[in-house]
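Asker: got a predicted model here, sequence first, then my questions.
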Amino acid sequence: MALTMTMTMTMTTWLAFLTLSLATTFSPGPAVLLAMSTTLAVGPRRTFFSSAGNGLGIFVVSCVALTSVGVLLRTSESAFTALKICGAAYLIYLGWKQWRPAPSKPAGLTPVNMEHADSRLALFRRGLVVALSNPKGILFFTAVFPQFIPMDHPRLGDFLLLSLTFVASSFLAHLSWVLLAQAFSSGRVSGKAMVYVNRVSGLIFIGLGCAMLTLSARPA
């Protein structure tokens, strides 16, 4: 299978994919929960790095879906199971981190010294891993791409348009949820309430991880 450089997609086809992308990305899931919990913990500006990592991960997954690796993950139950176990384990790990009480800040420790715990790189990496380890991404792209791209001779322009459209939809969804989380947290959530918020977020992450274990590749 070779990519050709031209683009043949019509506006009607693209709008159909855009509608599907917006419906998918605005639905609450691990990436949306990560964006909201990160906003509540470190603020909306630093959440950008988490969402950027997630966007890169989505693009990588879309590339994988176009290769034989994507076909393998969709048709091989063992390969798909290995991926979903990794994804579930990471979500459960994030839930455990959310549940744990934040360590108290020692006297004399400045915000600069505290940055390593939630550095920009760490936030970026967290979003990236959530996208890469989510088997739903592979299922989505391997199921949807054939509806919009001729898989026997896919065109690079069409592939990039669809992939970047989905990434942009994801950023828009994250922005909307982040603004909602910011409105909730701006000056009105006490430290004690934040403990409960973190624990609820942690339980949701753990629940999503457990639910991920029930996914099936549904071989074609």
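Answerer: Noted; the coordinates are in hand. Numbers count the residues shown, from 1 in each chain.
Asker: following the helix or strand of the chain with the lowest mean pLDDT, which helix or strand comes up?
Answerer: One helix or strand of the chain scores below all others by mean pLDDT, DSSP states H and E: helix 111-114, with a mean of 38. Next along the chain after helix 111-114, taking DSSP states H and E as the criterion, comes helix 120-132.
Asker: name the helices or strands packed onto that next one?
Answerer: Applying 3 or more CB pairs under 8 Å, 6 or more residues apart in numbering; DSSP states H and E, one finds that helix 120-132 contacts helix 30-42, helix 44-65, helix 77-99. (Glycine included, C-beta is placed from N, CA and C.)
Asker: so for the longest helix along the chain, what's the average pLDDT?
Answerer: As assigned by DSSP state H, the longest helix anywhere in the chain is helix 156-185. Computed over helix 156-185, the mean pLDDT rounds to 89.
Asker: quick one: closest of the helices and strands packed on helix 120-132 to Leu156.
Answerer: helix 44-65 (11.1 Å; CB to CB).
Asker: the closest one: how far from the chain's middle?
Answerer: 7 Å (CA atoms, centre = their mean, to the nearest Å).
Asker: just the angle between it and helix 120-132, please?
Answerer: Note on geometry: by axes from the mean of the first three to the mean of the last three CA atoms, to 10 degrees, helix 44-65 and helix 120-132 are set 40 degrees apart in direction.
Asker: pull out the buried positions in stretch 123-140.
Answerer: If you call a residue buried by 16 or more other CB atoms under 10 Å, then stretch 123-140 has these buried ones: 123-124, 126-135, 137-140.
Asker: Leu203: which of those is nearest?
Answerer: Set against Leu203, the nearest of the buried residues of stretch 123-140 by CB to CB is Val130 (17.0 Å).
Asker: next one: Thr142 relative to Thr214, how far apart?
Answerer: Distance, Thr142 to Thr214, using CB to CB, to the nearest Å: 19 Å.
Asker: those two: who's more crowded?
Answerer: Legend: neighbour count by other CB atoms under 10 Å for Thr142 and Thr214, higher for Thr142 (22 against 8).
Asker: the helix or strand hosting that one packs against which elements?
Answerer: Secondary structure from DSSP H and E places Thr142 in helix 135-148. Contacts defined by 3+ CB pairs under 8 Å, 6+ apart place helix 135-148 against helix 11-26, helix 44-65, helix 68-75, helix 77-99, helix 156-185.
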